[in-house]
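Chemist: Sequence isn't available, so here's the structure alone:
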Ligand code: NAD
Ligand code: ZN
């Protein structure tokens with residue numbers, strides 16, 4: 001089968017023939033229809049320090065997808081051939097304390113599809129059936145293909161009660177932009193998002209942001225004054241991984257505010273701890289999605305009117321994957337979909 005492989009240690013990916021995956025007793029085999037490019041795939045494409053020490057050379061990557069079940073191991077229950085599925089990209093151990101307690105998102109032995117084991121940028125993906133998720137008929141293939149990052153946005157945004165709250169989102173990448181729509185959908189009052197990229201800030205406005213602030217040219221505190229926010233934000237969702245954005249967030253939080261951290265900053269990032277301590281902030285780290293509470297909520301929000309379609313900005317055939325990656329690298333895109341024949 002064809003797959004997008006990290007053929008050699010260095011930038012880029014190669015569309016080439018690899019062996020079709022074997023289907024274990026507990027696996028489903030998914031014929032891939034659509035995939036999407038994640039920020040993680042961009043790290044892998046560029047072959048930065050993280051990618052070089054994490055991703056095995058010779059492996060095919062990718063973890064955002066939708067497809068159809070075409071084969072199943074004999075132990076699999078609850079799925080049928082022909083089911084349209086996406087899947088949870090974190091494959092968990094099943095034996096650690098958190099897994100055994102049903103908190104699989106906190107598994108200490110997680111493997112990532114397309115990061116530590118073969119991925120979804122391929123004609124076929126073999127996946128433990130427990131990780132597969134059936135997609136309802138009224139959800140499009142394009143949206144199903146981005147359930148993984150939509151899940152990051154959902155898990156982060158729903159970490160705290162947003163009803164009637166003023167929310168700051170730092171980072172208008174695809175995940176931050178989806179978090180805007182989610183926060184508005186569940187009843188937040190003001191949702192302010194920051195970035196330094198006007199294309200993405202415009203997308204965030206289309207998704208319902210009260211204000212989209214380019215912090216390279218405009219003042220966040222001025223915007224807060226215009227909105228009559230004298231005390232600060234109630235909830236902060238850090239989705240940039242940029243240390244200055246995180247520090248600004250801590251400064252503009254109200255006392256007793258709640259902050260969820262999805263963006264991945266450099267490990268030694270410093271903050272002013274006085275903001276955390278004297279404001280009594282609550283800070284929560286986020287990794288992945290809750291299995292599978294987040295997934296059920298994603299479906300329910302789409303079925304109750306959440307509109308994510310503005311985030312789907314580009315489509316390419318898989319043979320044109322280089323164009324797809326260049327589009328994502330340019331920063332002038334929302335989600336980029338790669339279609340498999
Ligand atoms: P992205 O890189 O597309 O988005 C980050 C955005 O931050 C970009 O649009 C960038 O322009 C913006 N930015 C840069 N400087 C800024 C500043 N000073 N203030 C505000 N914004 C600024 O990433 P994404 O795919 O949307 O993911 C968001 C973050 O979440 C990334 O850091 C990613 O690594 C991380 N992530 C974490 C998990 C997890 O499980 N914890 C999962 C997926 C992604
Ligand atoms: Zn575990």
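Modeler: Nice, thanks for sending it over. For clarity, every value in this text was computed on a predicted model and none was experimentally measured. Ligands and ions are numbered 1, 2, ... in the order given.

Chemist: C-alpha from now on. contacts and neighbour counts both.
Modeler: Will do.

Chemist: interface residues of the stretch 51-200 of the chain facing ligand 2?
Modeler: Where the stretch 51-200 of the chain comes near ligand 2, counting by CA under 5 Å from the ion, the residues are 92-94, 96, 99, 107.

Chemist: do that again at 8 Å, thanks
Modeler: Contact residues (CA under 8 Å from the ion) of the stretch 51-200 of the chain with ligand 2: 92-100, 104, 106-110.

Chemist: of those residues, buried ones?
Modeler: Taking 16 or more other CA atoms under 10 Å as the criterion, what is buried in these is 92-93, 98-99, 104, 106-107, 110.

Chemist: quick one: which of these is nearest to residue 305?
Modeler: residue 104 (28.7 Å; CA to CA).

Chemist: Just the pLDDT for that closest one.
Modeler: Confidence at residue 104, expressed as pLDDT, is 97.

Chemist: That one and residue 60, how far apart?
Modeler: Note on residue 104: its distance to residue 60, by CA to CA, to the nearest Å, is 25 Å.

Chemist: next one: residue 31
Modeler: According to CA to CA, residue 31 stands 15 Å off from residue 60.

Chemist: what about those two, which has more around it?
Modeler: A direct count of neighbours by other CA atoms under 10 Å for residue 31 and residue 60 places residue 60 higher, at 28 against 22.

Chemist: Quick check: the gap between that one and residue 185.
Modeler: For residue 60, the distance to residue 185 - CA to CA - is 36 Å.

Chemist: cool, and residue 143?
Modeler: Going from residue 143 to residue 185 by CA to CA gives 17 Å.

Chemist: which bits of the protein sit near ligand 1?
Modeler: 38-39, 152, 170-176, 194-197, 239-242, 244-245, 262-264, 286-288 (CA under 6 Å from any ligand atom).

Chemist: one more time with 5 Å
Modeler: Contact residues (CA under 5 Å from any ligand atom) of the chain with ligand 1: 39, 170-175, 194-195, 239-241, 245, 262-264, 287-288.

Chemist: Narrow the residues you listed to those that are buried.
Modeler: Buried, going by 16+ other CA under 10 Å: 170-175, 194-195, 239-241, 245, 262-263, 287-288, out of the residues of the chain next to ligand 1.

Chemist: Among the residues you listed, which ones are in strands?
Modeler: Counting by DSSP state E, the part of these found in strands is 170, 194-195.

Chemist: Closest one of the residues you listed to residue 303?
Modeler: For residue 303, the nearest member of these is residue 170. The distance, counting by CA to CA, is 27.0 Å.

Chemist: Was I right to think that closest one contacts residue 245?
Modeler: Yes: the criterion here is CA atoms under 8 Å, and residue 170 meets it with residue 245 at 6.2 Å.
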